[in-house]
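Student: sequence unknown, structure follows:
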């Protein structure tokens, strides 16, 4: 009788351990929310938002963002225009490349270029 109880206890213990090892897949709603968060984070980063401005943007974006955040799901008109900082970065990168700057010299040049 003790052996039967030990076997039953062992079966229950091992099935619990197996269940703990399995990862639960997120639901469709959870996946959609994760995709919205990824999309909105990328958009906030593109717009170089920070602090309260970023919080407000994220709040609004998460309320409005499409369930599937793919490039096809975002209309072209909703795509953000390049910011002046992005334009500066592109321009400064091109200038540094044309001057073949590397290492600390490139960093110093980029810093000065982006300030101006």
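Tutor: Everything's here; your move. Remember, predicted model here, so these are calculated numbers, not experimental data.

Student: How is the protein divided into domains?
Tutor: Segmentation of the chain into domains, based on automatic domain parsing, reads 27-79, 82-116.

Student: now the ones you listed in JSON lines, with distance to residue 7 and mean pLDDT?
Tutor: For glycine as for every other residue, the C-beta is placed from the backbone atoms N, C-alpha and C. Converted to JSON lines, the domains of the chain look like this (distance: least, C-beta to C-beta, whole Å; pLDDT from 0 to 100):
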{"stretch": "domain 27-79", "distance to residue 7": "36", "mean pLDDT": "75"}
{"stretch": "domain 82-116", "distance to residue 7": "67", "mean pLDDT": "84"}
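
Student: Three-state assignment for residue 38, please.
Tutor: Counting by DSSP: H, G, I helix; E, B strand; the rest coil, the backbone at residue 38 sits in helix.

Student: about what we covered before: and the domains of the chain as CSV, adding distance to residue 5 and mean neighbour count?
Tutor: Conversion of these to CSV gives the following (distance: least, C-beta to C-beta, whole Å; neighbours: other C-beta atoms under 10 Å):
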stretch, distance to residue 5, mean neighbour count
domain 27-79, 39, 13
domain 82-116, 70, 12
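
Student: Any chance of TSV for those domains, columns distance to residue 8?
Tutor: Output for the domains of the chain, formatted as TSV (distance: least, C-beta to C-beta, whole Å):
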stretch	distance to residue 8
domain 27-79	34
domain 82-116	66
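
Student: Now do residue 10 against residue 3, distance only.
Tutor: Distance, residue 10 to residue 3, by C-beta to C-beta, to the nearest Å: 10 Å.

Student: Just want to know which of those two has more residues nearby.
Tutor: Residue environment comparison for residue 10 versus residue 3 gives the larger neighbour count to residue 10, 10 against 7, counting by other C-beta atoms under 10 Å.
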